[in-house]
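Enquirer: need coordinates for the following:
(2 chains)
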Number of protein chains: 2
Amino acid sequence: MKALMLVCDGIADRPVRELKGKTPLEVARKQNMDALASRGITGILDPIAPGIRVGSDTTHLALLGYNPYEVYTGRGPFEAAGVGLKLRQGDIAFRCNFATVDENLVVLDRRAGRISKGTDKLARAINKIKIPGAEIIFKESVAHRGVLILRGKKLSHKVSDSDPHVAGEKVRKVKALDESPEARRTASILNAFSEDVHKVLREQNGNANMLLLRGCGAAPKLKSFREKYGISGACMATTGIIKGIARLAGMEVVEAKTSYDLRIKQGLKILKNYDFLLINIKEPDEASHDHDARRKVQLIEEIDRALKPLLQFSRENYVLLLSDHTTSLSYGDHTGDSVPVVLCGPEVRADDVKKFDERSTAKGGLCRIRGQDLMPLLLDLMNRSEKFGA
Amino acid sequence: MKALMLVCDGIADRPVRELKGKTPLEVARKQNMDALASRGITGILDPIAPGIRVGSDTTHLALLGYNPYEVYTGRGPFEAAGVGLKLRQGDIAFRCNFATVDENLVVLDRRAGRISKGTDKLARAINKIKIPGAEIIFKESVAHRGVLILRGKKLSHKVSDSDPHVAGEKVRKVKALDESPEARRTASILNAFSEDVHKVLREQNGNANMLLLRGCGAAPKLKSFREKYGISGACMATTGIIKGIARLAGMEVVEAKTSYDLRIKQGLKILKNYDFLLINIKEPDEASHDHDARRKVQLIEEIDRALKPLLQFSRENYVLLLSDHTTSLSYGDHTGDSVPVVLCGPEVRADDVKKFDERSTAKGGLCRIRGQDLMPLLLDLMNRSEKFGA
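Expert: Okay, here's the model as predicted:
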């Protein structure tokens, strides 16, 4: 028996004026999602807890059964794992932007003219930098993005960003965020690195003459999926952070095809070799960030058309369909609202909810659950969970 | 005002093919249970947390308001209390089987031919065994079963079973399960005991020539019911483990009559002298372990017929009717699904649910609660709870 967790990123929404007080899920035509709801048990889910606004990183940790308050200190390590860097215990990691600064270190462009080529060469130069007290490991990512790992003894993730987050301001000095000698030491290593990286990049004579650091976090200790649940897991995602979380959880990361249709078909193939597959579909979230209600409705309908094979699959296996968080079209960002969830498969206590949307599933048989409840519920239905007691 | 908690063990189920996709509670004719649901407030309950598979021991601890993660290390101490042995802080306890082994200590019969007589005599012989470093306290129980307490300084429950759990394998050496000197010391005491008990039992010339040890746990520290809640409690159960939990919680244990009818009538009598009574009815669980859907439905109907007096009783008092966990007919064991619960009494906010089953009560006014929520809810309705704050 296999399980597919299909996360439609940010597909949940608040009622939208533009859609006459309905949500995109409430107005979209989506017969396959509704068929899953009709045949499954539904409910609403708080990614972490009611009202808590989450990132896609923290919520995916919770959906996979990890406590984000224990394992999440910042986005850096997950981005690092997402680009394929191997983290070690004690490492700290940052997300980085290649940027253009003037002679006074005032940021002119936080994306170095949306640089897209030659960052591999810049990365080689950066990796030659030697700073006493820590090893520098840098890898370029998509476009102007990159990841930095600092490796050494007595480092702390309690340090501030060098990224001022807006153009027109100076690159910031990294500061210790607590009183520990480790944080002070780490800040001074990073400030020395910032000086050196500016020198090294200037010599390359491109738009990118600086590296801005943000999202510092410590390498988390995640029990692997196999160790935690005794099952094998894979993940299909297009964003680095989700891939990174999956890698750190010891899951296999598979590249996503372009069309939703091919992704679902490929997913079902992958499940021949794994017990569990997480598919993250990122686009609905982006439509909400862009305040584009029409696009969001359209995407829901496009995704829905690809889900037909899941109706057959869920006769013998389990399918979880949900949103990882609400992304509000009006607010243009994640909100802390609950999300709809449906769990479909051979032995669920199917309820009488017929539609997959925010308000319909609130009447479902799961009532209100939390992100971290999903994996125990799923393992139990698969008869793969350990009994506590006798 | 009194309260009766009626736990129908494992009465909840998953939808069963044999019952055309319904659960036993959904097909059984049970007018008294449904009358309680009609007049009460209903909901679904996770014994510990969503999806967590529980034993009857851990879930009863939770239903009585104890945190099983804090007080439960193994079944032994509860079984010991169940047969009437008094545990002391620092004791460790095991469940035991009288078994038959050959000259190489290979287990021929884990139940010593289902021995049923003369185990009291064997127990007297066992209690004469002297092992340096710990006192041996043994008591025979039903049929081939018994309980062993080890009493002494610096004992640890972090030791393995000597029971190989299948016939045809050798009696295992007890091993320390952690690095502590206490665990190593305890293991060596138990291995010396195993040698001696084999010698002593051989001299008795019966089928039972060995004792197999399992389910080691440390004597838990349970605040008594009176101390925790300020009320008096009693328990009527047929299984040792439930009696044991009740005894360790300082509740009075009363023997159960045979028929359900007499049990309920006797229960209401007992409640003249106690504030709270837990009744556990074990049989539905056994029907599920046996994959016997018809028997389970029949048992539900039999139990239901006995519940008529509760309709009158719940006019002035509170009745909680629930399953302690789901026992799946198809899986033949406990699962982590939620269970239906109804709370009936003078001041509950009665909802419009009319049936006591898994799916109907999911629409009830209690929504989704947890095992450990029940005692606070009950005490509060009885106006017996302390105010937190002013």
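Enquirer: contact partners of the host helix or strand of residue A:298?
Expert: For residue A:298, the host element (DSSP states H and E) is helix A:293-306. Here helix A:293-306 makes contact (C-beta atoms under 8 Å, 6 or more residues apart in numbering or on different chains) with A:8, A:11, A:13, A:16, A:18-19, A:24-25, A:27-33, A:259-261, A:263-264, A:281, A:283-284, A:287-288, A:329. In short, each C-beta sits where N, CA and C put it, glycine included.
Enquirer: tell me the bridge partners for residue A:4.
Expert: For residue A:4, the beta-bridge partners are residue A:277, residue A:319 (DSSP bridges).
Enquirer: quick one: it and residue A:267 touch, right?
Expert: Yes: the pair residue A:4 / residue A:267 is scored as a contact, 6.4 Å apart, by C-beta atoms under 8 Å.
Enquirer: list residues touching both of these two?
Expert: Shared contacts of residue A:4 and residue A:267, counting by C-beta under 8 Å, 6+ apart, come down to A:277, A:279.
Enquirer: buried ones in the helix or strand following the helix holding residue A:298, by neighbour count?
Expert: For helix A:293-306, the following helix or strand on the C-terminal side (DSSP H and E) is helix A:308-313. By neighbour count on 16 or more other C-beta atoms under 10 Å in any protein chain shown, the buried set for helix A:308-313 is A:310, A:313.
Enquirer: from the contact counts, what lies against helix A:308-313?
Expert: Secondary-structure packing of helix A:308-313 (3 or more C-beta pairs under 8 Å, 6 or more residues apart in numbering or on different chains; DSSP states H and E): strand A:3-8, helix A:31-39, helix A:260-270, strand A:318-322.
Enquirer: can I get those in a markdown table including mean neighbour count and mean pLDDT?
Expert: Formatted as a markdown table, the helices and strands packed on helix A:308-313 follow (neighbours: other C-beta atoms under 10 Å in any protein chain shown; pLDDT from 0 to 100):
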| stretch | mean neighbour count | mean pLDDT |
| --- | --- | --- |
| strand A:3-8 | 25 | 98 |
| helix A:31-39 | 21 | 98 |
| helix A:260-270 | 18 | 97 |
| strand A:318-322 | 25 | 98 |
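Enquirer: make JSON lines out of those and add distance to residue A:370.
Expert: JSON lines is the format used below for these (distance: least, C-beta to C-beta, whole Å):
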{"stretch": "strand A:3-8", "distance to residue A:370": "15"}
{"stretch": "helix A:31-39", "distance to residue A:370": "20"}
{"stretch": "helix A:260-270", "distance to residue A:370": "25"}
{"stretch": "strand A:318-322", "distance to residue A:370": "12"}
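Enquirer: what residues are up against residue A:166?
Expert: A:107, A:110.
Enquirer: ok, and the closest non-adjacent residue to whatever residue of the stretch 151-300 of chain A ends up closest to chain B?
Expert: Residue of the stretch 151-300 of chain A nearest chain B, by C-beta to the nearest C-beta: residue A:229 (11.3 Å). For residue A:229, ignoring the flanking residues on the chain, the nearest one in space by C-beta to C-beta, 6 or more residues apart in numbering or on different chains is residue A:379 at 5.8 Å.
Enquirer: by how many degrees do the helix holding residue A:298 and strand A:318-322 diverge?
Expert: 180 degrees (axes from the mean of the first three to the mean of the last three C-alpha atoms, to 10 degrees).
Enquirer: what residues does stretch A:260-268 touch?
Expert: So stretch A:260-268 is contacted by A:4, A:236, A:254, A:256-257, A:277, A:279, A:281, A:302-303, A:305-307, A:309-310, A:313 (C-beta under 8 Å, 6+ apart).
Enquirer: over to stretch A:71-89?
Expert: Outside stretch A:71-89, the residues that touch it by C-beta under 8 Å, 6+ apart are A:55, A:57-58, A:61, A:91-95, A:137, A:139, A:141, A:147-149, A:151, A:157, A:215-222, A:239-245, A:247-248.
Enquirer: go again with 6 Å.
Expert: A:57-58, A:93-95, A:139, A:141, A:147, A:149, A:157, A:215-220, A:222, A:240-241, A:243-245, A:247-248 (C-beta atoms under 6 Å, 6 or more residues apart in numbering or on different chains).
Enquirer: now it, how far from the centre of its chain.
Expert: 12 Å (C-alpha atoms, centre = their mean, to the nearest Å).
Enquirer: and the nearest residue to residue A:101 once chain neighbours are set aside, what does it touch?
Expert: In this structure, residue A:101 finds its nearest non-sequential neighbour in residue A:210, 4.4 Å apart by C-beta to C-beta, 6+ apart. By C-beta under 6 Å, 6+ apart, the residues touching residue A:210 are A:99, A:101, A:198.
Enquirer: neighbours of the first one, just the number please.
Expert: Just to be clear, that refers to residue A:99. 26 (other C-beta atoms under 10 Å in any protein chain shown).
Enquirer: tell me the pLDDT of it.
Expert: With respect to pLDDT, residue A:99 scores 96.
Enquirer: phi, psi for it please.
Expert: phi -140, psi 170 (degrees, to the nearest 10).
Enquirer: surely it touches residue A:112?
Expert: Yes: counting by C-beta atoms under 6 Å, residue A:99 does reach residue A:112; the two are 5.4 Å apart.
Enquirer: ok, and the closest non-adjacent residue to residue A:184?
Expert: Counting by C-beta to C-beta, 6+ apart, the residue nearest residue A:184 is residue A:176, at 4.6 Å.
Enquirer: any idea how far that neighbour is from residue A:187?
Expert: As for residue A:176, its distance to residue A:187 is 5 Å (criterion: C-beta to C-beta, to the nearest Å).
Enquirer: joint contacts of these two?
Expert: Common neighbours of residue A:176 and residue A:187 (C-beta under 6 Å, 6+ apart) are residue A:159.
Enquirer: what's the neighbour count on residue A:299?
Expert: 23.
Enquirer: per-residue confidence at it?
Expert: Per the predicted model, pLDDT is 98 at residue A:299.
Enquirer: and for residue A:230?
Expert: pLDDT at residue A:230 comes out at 96.
Enquirer: that one: neighbour count?
Expert: Based on other C-beta under 10 Å, the number of other residues close to residue A:230 is 12.
Enquirer: wait, what's in contact with it?
Expert: So residue A:230 contacts nothing (C-beta under 6 Å, 6+ apart).
Enquirer: again, but for residue A:212
Expert: Residue A:212 touches A:97, A:99, A:162-163, counting by C-beta under 6 Å, 6+ apart.
Enquirer: do that again at 8 Å, thanks
Expert: A:96-97, A:99, A:107, A:110, A:161-164, A:171.
Enquirer: what does residue A:215 give?
Expert: A:74-76, A:79, A:94-95, A:161.
Enquirer: wait, a strand at it?
Expert: Yes: judged by DSSP: H, G, I helix; E, B strand; the rest coil, residue A:215 forms part of a strand.
Enquirer: so which residues on chain A come close to chain B?
Expert: A:347-351, A:363-370, A:373-381, A:383, A:385-390 (C-beta under 8 Å from any C-beta of the partner chain).
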